[in-house]
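>>> Need the 3D shape of this:
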Amino acid sequence: MAVLATVVLHVDDEPVRLSGLERAVLARIALTRSATAASLLTWLYGEDPPASAPNRVQALISGIRRKCSAPVIETTPGGYRLVPDVQVDVERLAVLRDRARELAAVADPACLRSFREASTLLGDESLQDVPSTAAVEIERSRLDAERLALWEEHAAAALALGRADQVVADLATLTARHPFHEALLAQYVLVLASTGQQERALGVYREAYDRLDSELGVEPSARLREAHAEVLRGPQVPAPAGRVAHVPRTLPRRAPGFVGRDEEIDRIVGAVAQVDDAPLVVHLTGLAGMGKSALAVEVGQRLRDDFPDGSLHLEAGSAPALEVGAVLATFLRLLGVHPDAVPGGTAERAALYRSLLDERRVLVVLDGVDAHAGATSSELSLLLPASPGSMAIVCSRYDLAWLQPDLHVQVGPLSGTSGRALLAGVLGDDRIRADHDGADRLVSTLGGMPLALRLAAGRARQRPDVGLSRLAERLSSGGLGTDDVAAALATSLSDVWERVPESVQEVARRVARLPVATFSAWVPGALLGDDAAGEHAIDALCAAHLVEPVRRSGQTPQFRLHDVVARFLVGSHDDDVDVADVALVAEQLLARAVVPYRDHPTQLVPVPPAPGRAVGDGPRRGTPALQERESAVAFFATENATARTLARTLAPVRADLAWRLLAITAPAHHVSPSEGDWLDALDVVEKHLDAMDGDRRLGAAHLDLCRAWHLQSRASSSEPARALADAARRRLVEQGAHAPATAAAVVAASSALSVGRRDLAEADLAGADESLDHLDDAVLAGWVEIMRGTVHHDYDELDAAAGAFTRARELLAATAARGAFRQATLELSRTCRRRGSIDAAEALIVEALELFDGGVDDHVHGYVVDARAEVAVAHGQATEAFERAQEARAWARRARDAFLAARSRRSLAGALRLLGRLEEAESELVASVEELTALGRTLSAAASLRDLAVLLELMGRPDDAGEASRREREARAAARLHRSRVDPTGPTPRAVPSGSS
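Okay, here's the model as predicted:
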C-alpha cells in the first residue's frame with residue numbers, strides 16, 4: 001500500500017478502486033498502522049464533524065473491505081488497524097532512510113541509491129487526492145519537511161563522496177519549487193561549483209540574494225553565505241580518490257516507459273551488497289519478448305552509483321557471430337588501454353581484462369549470449385569479472401549450465417497493473433481509463449508479454465477508432481499467423497521452438513489443447529503413458545521457458561504454457577479439445593487422488609470405487625503424519641480446479657470419469673471459496689447420469705449425497721438437504737454401497753435436527769447403524785456417534801451427549817479424520833460447559849485449537865474461537881471474551897460464513913455486557929436475531945432472543961424483555977422441538993454435518 005504520495009492499494013497484485021474518502025481513511029490508518037475512531041473523524045471532517053460522521057466512517061471501512069479480496073483493515077476496541085501482513089510505504093521509507101544514513105556515515109556510495117529510493121517514495125507532493133482538512137494539512141506539511149530534509153542529507157552525502165553530478169538536476173528542480181529554502185540553495189551552489197560550474201554557482205547565489213532582499217527584505221543566512229565564500233575561495237572539490245581516468249558508460253538508454261518489475265529489481269539490487277566479498281553474477285532468463293534486456297539496462301542505470309568505474313555492455317544477439325577475443329579487445333579499449341597495447345591472443349587479453357577490473361567497481365552486461373553457437377562456454381566465461389567489487393548481468397533465453405550465477409531471476413509476464421501501465425505509456429491514460437476492461441482483456445490475451453503489448457499498443461495508436469477489446473479479440477481468434485503484430489511474435493518464438501526436440505513439441509501441442517489453464521508436472525507423463533518421458537518433457541519446456549511455474553500459497557507448484565506460446569501452438573483452433581487426452585489425464589488424476597483422499601482431514605463420504613469395479617468400500621488409513629496431512633490438503637488445493645474442468649468436459653462422453661472426479665474432490669471443496677464452482681460442475685455432470693446402467697445410478701446417488709452434504713451447510717437448506725440425502729441413502733443401500741449409505745444417513749440426520757425433527761434424525765441414525773453392521777469403518781462410526789451426541793445435547797440429555805461424544809473421540813483418535821475428531825472435541829467442550837465443567841470445557845477447546853495444521857481446515861477455526869469466547873464469558877473474562885469474539889468474526893469474514901458472523905454477535909454481546917456496554921450488547925443481539933432469522937436458523941435465533949430478554953431485564957426494561965421472551969417461545973414452537981429447553985449455544989460448524997440449528 002502506498003500513501004506517502006498517491007494513495008494506492010493493491011490486493012493480489014491488482015489495484016483496488018477507491019473513492020476519495022476511502023483513500024483518505026486508508027491514508028490516516030496507514031500512516032501509523034492504526035487510528036482511533038475520533039482521529040478519523042478529525043482527519044476527514046475537521047474539528048466539527050457532522051452527526052452522521054461516525055456512521056459514515058463505518059460505511060467507508062465496510063466499503064473498503066467489500067472491495068478487497070483479502071483482509072486489509074481490522075477493528076480494534078477503539079478504532080481500526082491494518083492487518084499485520086499489509087505492507088505500507090511508510091515503513092519502507094523508514095528502512096531506506098535509516099540504511100542511507102548508516103551507509104553515509106561510513107562513506108559508502110551505496111547510500112546515494114538508498115537516499116534516492118526514499119525520496120522517490122515521498123514523490124513530489126504528499127497525500128495527493130486526500131481531501132484537505134486541518135489535520136491533513138498538518139501531516140502534509142510534516143511529510144513535505146521530511147522530503148526536503150532527506151534531500152539535504154542526500155546532497156551532503158553526494159558532495160562528500162565526490163558524486164555531486166548525480167544531484168545537480170534534482171537540486172535545480174527543488175530550488176525552483178522552493179526558492180526561499182536556503183539550505184537547499186546553499187547545497188545547490190556547492191554542487192554546481194564541485195562539478196566545474198563556478199560561474200553558474202555564483203549566479204544562483206546572486207539570484208537568491210536579490211530575491212531575499214526584494215521579496216523578504218532579509219540577507220542570506222549564514223549557511224548560504226558560507227557556501228558562497230567557499231566557491232570564491234576555491235579550489236573546487238576534487239574527484240573521489242581512486243577514480244580511473246577512463247570511465248566507460250556503454251549501457252543503452254533506458255527502455256521508454258519501463259514499468260513494473262519491482263520484485264525482480266529489488267532482488268538484484270539487494271544482492272549488490274555481496275560484491276565487496278566476491279564478484280557477483282546475475283542471470284536473467286525468460287521467453288523471448290519478456291523484457292530481459294530492458295530489465296538489465298534499467299537495473300544497470302539504477303546501479304550507476306554503485307559502480308563508479310564504469311559499465312560495459314555487449315549485445316551479442318545483434319552480431320552475426322560472437323568472437324570473445326574481439327569483445328575483449330573492445331572492452332580493453334573502453335577501459336583505457338591504447339589500441340596498440342591490446343594483446344594479440346584471447347588468453348592474454350583476458351588476463352589484462354581481469355587485471356584492469358581488479359580493485360575496480362565495474363558493471364558488465366552480457367545480453368543475448370545464447371543466440372550464437374560460435375562461442376564456447378569457456379570463452380564466454382572470460383568476459384565475467386573475477387575479483388570482488390564488480391558485477392555481471394547475463395541475459396539469455398535458456399539456462400546456461402556453465403554460468404553458475406549467484407542470483408538467477410526468471411523474467412516472466414507483467415502483472416495486470418504493470419501491463420495496463422505499459423499500454424498507458426503508449427496510448428495515454430485517458431484512453432486506458434475510457435476502455436479499462438478492453439485494456440485488461442488485451443493484457444490477458446497477450447499474457448502480459450511486454451514485446452507483444454508494445455506491438456499491440458503501437459497498432460492501437462495508429463487506429464484510435466479500434467477499441468482495445470476488439471484488438472484483443474482479433475489477436476485471440478486469429479492465432480499467431482495473420483496479423484503483423486502476431487507474425488512478429490511468432491517469429492520471436494520460432495527460434496526457441498526449433499531447438500525443442502520433436503517429441504517434446506508433440507507433448508506441448510497436446511498440453512496446449514487441454515481445457516486447463518495450469519497443469520501439474522505429472523500431466524505430460526499421463527499423456528505419454530510414461531512418467532520418465534513426461535519428466536524429460538517438462539525439463540525441456542522449462543529450459544526453453546515455454547512453460548512457466550505457477551506458485552500459489554498452500555498448493556504444489558504447477559506449470560502453464562504462456563498465453564502467446566499456447567496460441568502459437570494451437571493456432572486458430574483453440575476450441576479443438578482432444579477428449580481422449582482429457583480422459584487420460586482424468587484417469588491419472590483419479591488414481592493419484594486415492595491416497596491423499598484418505599489422508600485428508602475432512603472425511604465423511606468414502607472414496608468412490610474405481611471405474612469398472614464392483615461396488616465396494618476400500619480401507620481407511622490410520623492417522624497420517626503432519627507432512628502427509630499437509631500433502632493431502634495441498635494435493636486437492638492444487639488439483640481441484642483441474643478436476644472440475646475435466647468433469648465438465650467429459651460429462652457427455654465419459655460420465656463414469658466425470659462423476660468420480662467430483663465425488664473424490666467433494667471433501668476438499670466443502671465450504672471452500674470454490675464450492676460454488678464445484679456445485680455448478682455438479683449440475684453439468686448430473687444431466688448425463690439419467691441412464692439406467694448401474695454405474696450411472698451409483699454416480700447419481702453419490703453426487704446426491706455430496707450435494708446434500710454441501711446443502712446442509714448453506715442457509716435455509718436443511719429440508720431439501722434431508723430429502724436429497726435420504727433418497728440417496730435408499731438407492732445406495734439397494735446397490736449394496738453401505739459406506740456411502742451410512743454417510744448419507746449422517747447428513748440426513750444432521751439436516752433433520754437442524755429443523756427440529758428429532759424423530760426423523762433418530763430414524764436416520766437407526767438406518768446408519770444398520771449400514772454400519774456391514775462395515776468396519778471407524779470414521780463413519782465416529783460420525784454416527786457425533787450425531788447421536790448432538791441429538792442428546794440439543795434436548796438437554798447432557799450425560800448421554802457426553803458419552804456419545806467421548807465414544808466418537810475414541811473411535812476417531814486413530815484415523816485421518818481430524819476434522820471429525822475436532823468436531824467431537826468441540827461438541828464435548830460445549831456439553832461440559834453446559835454441565836458447569838468450565839475448566840474441562842476450556843481444556844477441550846485448547847485441544848481443538850491444537851488440531852489445526854496451519855491453514856488446514858481453517859474454515860472451522862472461527863467456530864472453535866467462538867466457543868472459546870463463550871467460555872471466557874462464562875469465566876467473566878470480559879477482555880478475553882471481547883478479543884476472541886472479534887477474532888471469530890474475522891474468521892467468519894474470511895470464510896464468507898454468514899452463520900458464524902451472526903452467531904459470533906451473541907458471544908460479542910456477552911463480552912460487551914461484562915464490559916458494561918449494555919446498549920452495544922443490545923445492538924449486537926438484535927442484529928444476531930435478524931441475521932439468524934434470515935438464514936432460517938430458528939433455534940439459534942431463539943437462543944439470541946433469550947439472551948436479549950435477560951439483557952433487557954438487566955437494563956430495567958421489563959416490557960421489552962417480555963416481548964423478547966414471547967418471540968423466543970414462538971421461535972421454539974416454530975422449530976417443532978419436543979422440549980422447551982434447547983442449547984443456547986446454537987449449532988456446530990457448517991463445515992461438517994450438524995444437527996443443531
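>>> how far is whichever strand or helix holds residue 904 from where the chain is centred?
Using DSSP states H and E, residue 904 maps to helix 898-914. Centroid displacement of helix 898-914 relative to its chain, using C-alpha atoms, centre = their mean, to the nearest Å, is 30 Å.
>>> a strand runs through residue 84, doesn't it?
No. Using DSSP: H, G, I helix; E, B strand; the rest coil, the secondary structure at residue 84 is coil, not a strand.
>>> Contacts only, for it.
Counting by C-beta atoms under 8 Å, 6 or more residues apart in numbering, residue 84 touches no other residue. In short, each C-beta sits where N, CA and C put it, glycine included.
>>> List phi and psi for it.
phi -60, psi -30 (degrees, to the nearest 10).
>>> so how far is residue 789 from it?
Distance, residue 84 to residue 789, using C-beta to C-beta, to the nearest Å: 38 Å.
>>> what does residue 172 give?
Counting by C-beta to C-beta - residue 172 and residue 789 are separated by 79 Å.
>>> between those two, which one's more packed in?
Neighbour count, other C-beta atoms under 10 Å: between residue 172 and residue 789, residue 789 has more, with 26 against 14.
>>> How many residues are close by residue 163?
21.
>>> try residue 653
Other residues lying near residue 653 total 13 when counted by other C-beta under 10 Å.
>>> so it touches residue 579, yeah?
Yes. Assessed by C-beta atoms under 8 Å, residue 653 is found in contact with residue 579 at 5.6 Å.
>>> Now list whatever residues contact both of those two.
Counting by C-beta under 8 Å, 6+ apart, nothing touches both residue 653 and residue 579.
>>> So for residue 479, what's the pLDDT?
If you check residue 479, the pLDDT there is 47.
>>> and if you look at residue 484?
pLDDT recorded at residue 484 is 58.
>>> List the buried residues in the strand or helix carrying residue 64.
Taking DSSP H and E as the definition, one finds residue 64 inside helix 53-67. Buried residues in helix 53-67, defined by neighbour count with 16 or more other C-beta atoms under 10 Å: 53, 56-57, 60-61, 64.
>>> Which strands or helices does that helix pack on?
Judged by 3 or more C-beta pairs under 8 Å, 6 or more residues apart in numbering; DSSP states H and E, the packing partners of helix 53-67 are helix 20-32, helix 37-45, strand 73-76.
>>> which of the residues in the second one are buried?
Neighbour-count burial for helix 37-45, counted by 16+ other C-beta under 10 Å, picks out 37, 39-45.
>>> Contacts made by that helix with the rest, please.
21, 24-25, 28-29, 35, 49, 53-54, 56-57, 78-80, 131, 133, 135-136.
>>> try the first one
Residues external to helix 20-32 that are found in contact with it (C-beta under 8 Å, 6+ apart): 1, 3, 7, 9, 18, 35, 39-40, 43-44, 56-57, 60-61, 63-64, 73, 80-82, 86, 88, 90, 127, 129-131, 136, 139.
>>> and the closest residue to residue 566 other than its chain neighbours, how far is that from residue 569?
In this structure, residue 566 finds its nearest non-sequential neighbour in residue 512, 4.7 Å apart by C-beta to C-beta, 6 or more residues apart in numbering. Applying C-beta to C-beta, the value for residue 512 to residue 569 is 4 Å.
>>> hey, what's in contact with both of the two?
Residues touching both residue 512 and residue 569 (C-beta under 8 Å, 6+ apart): residue 561.
>>> what residue ranges in the stretch 301-450 of the chain score low on pLDDT?
Low-confidence segments of the stretch 301-450 of the chain, defined by pLDDT under 70: 317-322, 371-377.
>>> And the contacts of the helix holding residue 64?
In this structure, residues lying in contact with helix 53-67 by C-beta under 8 Å, 6+ apart are 9, 16-19, 21-22, 25-26, 37, 40-41, 44-45, 71-73, 75, 80, 893.
>>> Can you flag the buried ones in those residues?
Here, 16+ other C-beta under 10 Å leaves 9, 16, 18, 21-22, 25-26, 37, 40-41, 44-45, 71-73, 80 buried among those.
>>> Pick out the most distant pair among those.
Greatest spacing in the buried ones among the contacts of helix 53-67, by C-beta to C-beta: 45 and 71 (26.5 Å).
>>> burial count for residue 434?
By the measure other C-beta under 10 Å, the count of residues near residue 434 is 13.
>>> how far away is it from residue 719?
Residue 434 sits 50 Å away from residue 719, taking C-beta to C-beta as the criterion.
>>> And for residue 930?
Remark: distance between residue 930 and residue 719 (C-beta to C-beta) = 22 Å.
>>> So which bits of the helix ranked longest in the chain are buried?
Using DSSP state H, we find that the single longest helix of the chain is helix 134-160. Going by neighbour count (16+ other C-beta under 10 Å), the buried part of helix 134-160 is 135-136, 139-140, 143, 146-148, 150-159.
>>> could you give the angle of the very next helix or strand once past it to helix 134-160?
Next helix or strand after helix 134-160 toward the C-terminus (DSSP H and E): helix 168-177. Angle of helix 168-177 versus helix 134-160, following axes from the mean of the first three to the mean of the last three C-alpha atoms, to 10 degrees, is 140 degrees.
>>> Please verify my assumption that residue 640 contacts residue 674.
Yes. Using C-beta under 8 Å, residue 640 is in contact with residue 674, at 6.2 Å.
>>> neighbour-wise, which of the two wins?
Neighbours were counted for residue 640 and for residue 674 using other C-beta under 10 Å; residue 640 has more, 19 against 16.
>>> quick one, what contacts the more buried one?
Counting by C-beta under 8 Å, 6+ apart, residue 640 touches 665, 668-669, 672, 674, 678.
>>> Which of those residues sits closest to residue 459?
Among those, residue 674 lies closest to residue 459 (C-beta to C-beta), at 37.1 Å.
>>> Could you list the low-confidence segments of the stretch 651-800 of the chain?
Ranges of the stretch 651-800 of the chain meeting pLDDT under 70: 671, 691-692, 713-716.
>>> Tell me, how many residues neighbour residue 433?
The burial count assigned to residue 433 is 11, neighbours taken as other C-beta under 10 Å.
>>> That one sits in which helix or strand?
Assessed by DSSP H and E, residue 433 sits inside helix 429-434.
>>> before we move on, what about residue 583?
In this structure, residue 583 sits in helix 579-599 according to DSSP H and E.
>>> Compute the first-to-last residue distance for stretch 158-174.
By C-alpha to C-alpha, to the nearest Å, the extent of stretch 158-174 from end to end equals 16 Å.
>>> buried set for that stretch?
Those would be 158-159, 161-164, 166-168, 170-171, 174, for stretch 158-174 by 16+ other C-beta under 10 Å.
>>> rewinding a little: so what does the helix holding residue 433 touch, helix or strand wise?
On a contact count with 3+ C-beta pairs under 8 Å, 6+ apart, helix 429-434 meets helix 416-427.
>>> hey, where'd the strands end up in the chain?
Counting by DSSP state E, the chain has strands at residues 10-11, 14-15, 34-36, 73-76, 79-82, 280-285, 311-315, 363-367, 391-396, 407-410, 547-550, 558-561.
>>> CSV please, covering those strands and showing distance to residue 604.
Shown next, in CSV, are those (distance: least, C-beta to C-beta, whole Å):
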stretch, distance to residue 604
strand 10-11, 34
strand 14-15, 36
strand 34-36, 42
strand 73-76, 33
strand 79-82, 38
strand 280-285, 47
strand 311-315, 62
strand 363-367, 58
strand 391-396, 52
strand 407-410, 42
strand 547-550, 31
strand 558-561, 28
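>>> Tell me the one among the buried residues of helix 53-67 nearest to residue 216.
Taking C-beta to C-beta as the measure, residue 216 sits nearest to residue 53 out of the buried residues of helix 53-67, at 41.2 Å.
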